[in-house]
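Novice: model the structure of this input:
(chains A and B)
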Amino acid sequence: MEVPILKQGRYLIATIQSALTDADLLRLRDSLVEQVGRYRSRAVIVDVTAMDVMDSFASRTLRDIAQMIKLRGAETVIVGIDPDVAFAMVRLGLNLEGVVTTLDLEEGLALLDRHGKQGTR
Amino acid sequence: MTLPPGVEEARVTVASDTDIVTARQRGRTLAAALGFTSGDATIVATAISELARNIVLYAKRGEVVVVPVEVKDNRGLIITARDEGEGIADIRQAMQDGYSTSGRLGVGLPGVKRLMDEFEIVSEAGKGTTVIVKKWMR
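Specialist: Below you'll find the predicted structure:
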């Protein structure tokens, strides 16, 4: 299942809409890393609200995405981690250390707009 | 207490990343039908995802069986992840946090054990690995 990536100004917004296989997650990673250059985006938002499970592979891939996007000169915000998913992640021993997260898309956009005003990345 | 009608065991052959998704979705559906909270259903689905991933990663092929059970006034799910891969040479080592022979996973079996109420593993070199985990409603 392809994850749609919306270009909004200088942001890319990827909205996960259903359960993703490992291959889907890797495709998402590669698309974002490519498109952030093509569109000269300043930031990437990955909306994971609809993700059913965040297992070790998914959380590692999201960490990879954030690090690769950073190396490309942009920032990443993961938004919308479901409370049940957060609980399971903590129990499993997973974390998204070094990755910026916000409650939802609205908060993610607000955070990026603040960063834009401050001129920080 | 009897099991709700239509709640039957789910058996999924696991040999690819799409099977991992199928197995965890079947597990979640079963957990919800049995009356688990959405939080516990997510816990069950996450554990199945990790166990199924181990099968694909280490043994290429195997199966996940999710069986609903009732004991006295409690209900639960017994999840069996079975493969006929090379087996685990050192189970004690495999149960240490952060240990991984694949170099690709960091949580593995100790993480699954923390998610579930009961955990059992049998592995024989050359014959494969069976992990049995249980989650109770209370």
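
Novice: worst-scoring helix or strand of chain B, pLDDT-wise?
Specialist: Within chain B, confidence by mean pLDDT, DSSP states H and E is lowest for helix B:91-94 among all helices and strands, at a mean of 81.

Novice: now do the buried residues in that helix.
Specialist: B:A94 (16 or more other Cβ atoms under 10 Å in any protein chain shown). In this view, the C-beta of every residue, glycine as well, is placed from N, C-alpha and C.

Novice: I'd like the next helix or strand past that helix.
Specialist: As assigned by DSSP states H and E, the chain's next helix or strand after helix B:91-94 is helix B:108-115.

Novice: count the residues that sit near the closest residue to B:P110 other than its chain neighbours.
Specialist: Once flanking residues are discounted, B:P110 sits nearest to B:D97: 4.8 Å by Cβ to Cβ, 6 or more residues apart in numbering or on different chains. Here the count is done by other Cβ atoms under 10 Å in any protein chain shown, and B:D97 has 13 residues near it.

Novice: and what of A:V36?
Specialist: A count of nearby residues for A:V36, using other Cβ under 10 Å, gives 23.

Novice: how about residue 116, what does it touch?
Specialist: Picking chain A for this. By Cβ atoms under 8 Å, 6 or more residues apart in numbering or on different chains, the residues touching A:G116 are A:R42.

Novice: sorry, I should have been clearer: chain B.
Specialist: Shown in contact with B:M116 (Cβ under 8 Å, 6+ apart): B:I43, B:A47, B:I79, B:V133, B:K134, B:K135.

Novice: I'd say the fifth one and B:I78 touch.
Specialist: So that's B:K134. Yes: the criterion here is Cβ atoms under 8 Å, and B:K134 meets it with B:I78 at 5.2 Å.

Novice: need the strands for chain A, in chain order.
Specialist: When assigned using DSSP state E, the strands of chain A occupy the ranges A:5-8, A:11-15, A:43-47, A:75-79, A:100-102.

Novice: most neighbours per residue, which of those?
Specialist: Among those, strand A:43-47 has the highest mean neighbour count (mean count of other Cβ atoms under 10 Å in any protein chain shown), at a mean of 24.

Novice: what's that strand in contact with?
Specialist: Contacting residues not belonging to strand A:43-47 are listed as A:10-16, A:28, A:32, A:36, A:62, A:65, A:69, A:74-80, A:105, A:108-109, A:112, A:115 [Cβ under 8 Å, 6+ apart].

Novice: distance of the most centrally placed residue in chain B relative to chain A?
Specialist: Nearest to the mean C-alpha position of chain B, by Cα atoms, centre = their mean, lies B:I48 at 4.0 Å. Distance of B:I48 to chain A, computed by Cβ to the nearest Cβ, to the nearest Å: 9 Å.

Novice: now do the contacts for that residue.
Specialist: B:A23, B:R24, B:G27, B:V64, B:V66, B:I79, B:A81.

Novice: name the element the nearest residue to the third one once chain neighbours are set aside belongs to?
Specialist: In this structure, B:G27 finds its nearest non-sequential neighbour in B:I48, 4.3 Å apart by Cβ to Cβ, 6+ apart. B:I48 is part of helix B:38-54 when elements are defined by DSSP H and E.

Novice: show me what the helix or strand following that helix is packed against.
Specialist: Following helix B:38-54 in sequence order, the next helix or strand is strand B:62-71 (DSSP H and E). Here strand B:62-71 touches strand B:10-14, helix B:17-34, helix B:38-54, strand B:74-83, going by 3 or more Cβ pairs under 8 Å, 6 or more residues apart in numbering or on different chains; DSSP states H and E.
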